[in-house]
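Participant: following is a predicted model, sequence given first.
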Amino acid sequence: MKEDIERFLTYLTVEKGFSENTISAYRNDLNNDLATFAERAISKRGAMPSWANFSRQDMLGYMLGLKERGYAATTQARKVAATKSFLSFMVSDGVLKGNPTDNVASPKVGRPLPKPISISQVFRLLEQPGKLATPEASRDKAMLRLLYASGMRVSELVSLNLDDIIKDDGCVRCFGKGKKERLIPVVPAMLAIQEYIEKGRPHHTNNNKKTALFLNRRGERLTRQGLWQILKRYAKSADLGEEITPHTLRHSFATHMLSGGADLRSVQELLGHANISTTQVYTHLTTDHIRRTYDKAHPRAKQAVQDK
């Protein structure tokens, strides 16, 4: 049964252009959870373990098992979504006549609002690497400024190569989900990037064949985990608490752009969102901020609060 899953993963890689991280998540959900459960459930009925024998009742049992094992609602929803995609593939491939997940509702998940930080907090964070005079600090200054200037995902940033920096145009070429290419203006970060390339990066490699933009001390491409550790260290020194993640700068970029008057469609393009409804989440944050500012500043709003 796992052979079928590998065929599906190959399809996602070749035909859909999914990233390695996404494929890894699918493999974990389908191989470690779904396939193990399906083989056990089908064998208990005395049938041959095969996706052709995976029924709607099996699917409901799988979902119940996820809930009983204490998985968060978001995790349950992700695993069920992966299962639905896989079984749809099996139907289109002719292995299944019908999809056992048809009319099976996915777990409901409340969409959490992203948590940005204020402009002053961002500036405080961006100032931290400048307090040090090391090649690593030069790299970190460029990375943090680029994250906030572009709003790109962490996976996109660590995947950047030297030739993705288009100095003359003040842009970065970025490949997002589904390997979709987009150009992002990053003028506020370009000086820090150039200083890192010219002065900081050479300390991390003697090999001109290295194409990765951001390197660790061993001269290898910096990983997402490595970036997260770096960010946590600077967030602590900036006294920003423990809740800062690499995605915080992406959320802050979007929120501050919209608060500053950028239109929703432009922010969608900059973030690389396929659907504008994903970008609309940030309008709730800016609306809340406007409302709080209004309530705090308008004399009639203050009076209305007192009259309650």
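Facilitator: Sure, I can see it. Numbering: from 1, shown residues only.

Participant: hey, where'd the helices end up in the stretch 51-200 of the chain?
Facilitator: Secondary structure of the stretch 51-200 of the chain (DSSP state H, counting those that start in this stretch): helices located at 56-68, 73-92, 119-127, 135-150, 154-158, 187-195.

Participant: tell me the buried residues in the longest one?
Facilitator: Meaning helix 73-92. 75-80, 82-87, 89-91 (16 or more other Cβ atoms under 10 Å). C-beta: built from backbone N, CA, C; applies to glycine.

Participant: from the middle of its chain, how far away would that helix be?
Facilitator: Once both centres are worked out by Cα atoms, centre = their mean, to the nearest Å, helix 73-92 turns out to sit 19 Å from its chain's centre.

Participant: can you check the third one too?
Facilitator: Mean C-alpha position of helix 119-127 versus that of the full chain (Cα atoms, centre = their mean) differs by 22 Å.

Participant: pull out the buried positions in stretch 93-113.
Facilitator: Quick answer for stretch 93-113 (16+ other Cβ under 10 Å): L96, N99, P100, T101, S106, P107.

Participant: ok, residues contacting that stretch?
Facilitator: If you take Cβ atoms under 8 Å, 6 or more residues apart in numbering as the criterion, stretch 93-113 is touched by 4, 7, 51-52, 54-56, 58-60, 63, 67, 73-74, 76-77, 80-81, 83-84, 87-88, 90-91, 281, 284-285.

Participant: apply 7 Å and report the result again.
Facilitator: 4, 51-52, 54-56, 58-60, 73-74, 76-77, 80-81, 83-84, 87-88, 90-91, 281, 284-285 (Cβ atoms under 7 Å, 6 or more residues apart in numbering).

Participant: do the same with stretch 141-157
Facilitator: Contacts for stretch 141-157 (Cβ under 7 Å, 6+ apart): 19, 21, 122, 125-126, 129-130, 172, 174-176, 184, 186, 188-189, 192-193, 196, 214, 224, 227, 234, 246-247, 249-250, 252-254, 270-271.

Participant: could you do stretch 123-135 as well?
Facilitator: Counting by Cβ under 7 Å, 6+ apart, 137, 140-141, 144-145, 148, 200, 203-204, 234-235, 237-238, 240 sit against stretch 123-135.

Participant: are any of these buried, and which?
Facilitator: Buried among the contacts of stretch 123-135 by 16+ other Cβ under 10 Å: A137, D140, K141, L144, R145, Y148, G200, H204, Y234, A235, A238, L240.

Participant: ok, those residues vs S266, which is closest?
Facilitator: Y148 (16.8 Å; Cβ to Cβ).

Participant: apart from its chain neighbours, what residue comes closest to the closest one?
Facilitator: L249 (4.8 Å; Cβ to Cβ, 6 or more residues apart in numbering).

Participant: picking that back up, which of the contacts of stretch 123-135 sit farthest apart?
Facilitator: H203 and L240 (27.9 Å).

Participant: which residue ranges of the stretch 201-308 of the chain form helices?
Facilitator: Counting by DSSP H, counting those that start in this stretch, the helices of the stretch 201-308 of the chain are 224-237, 246-259, 264-271, 276-279, 281-297, 299-307.
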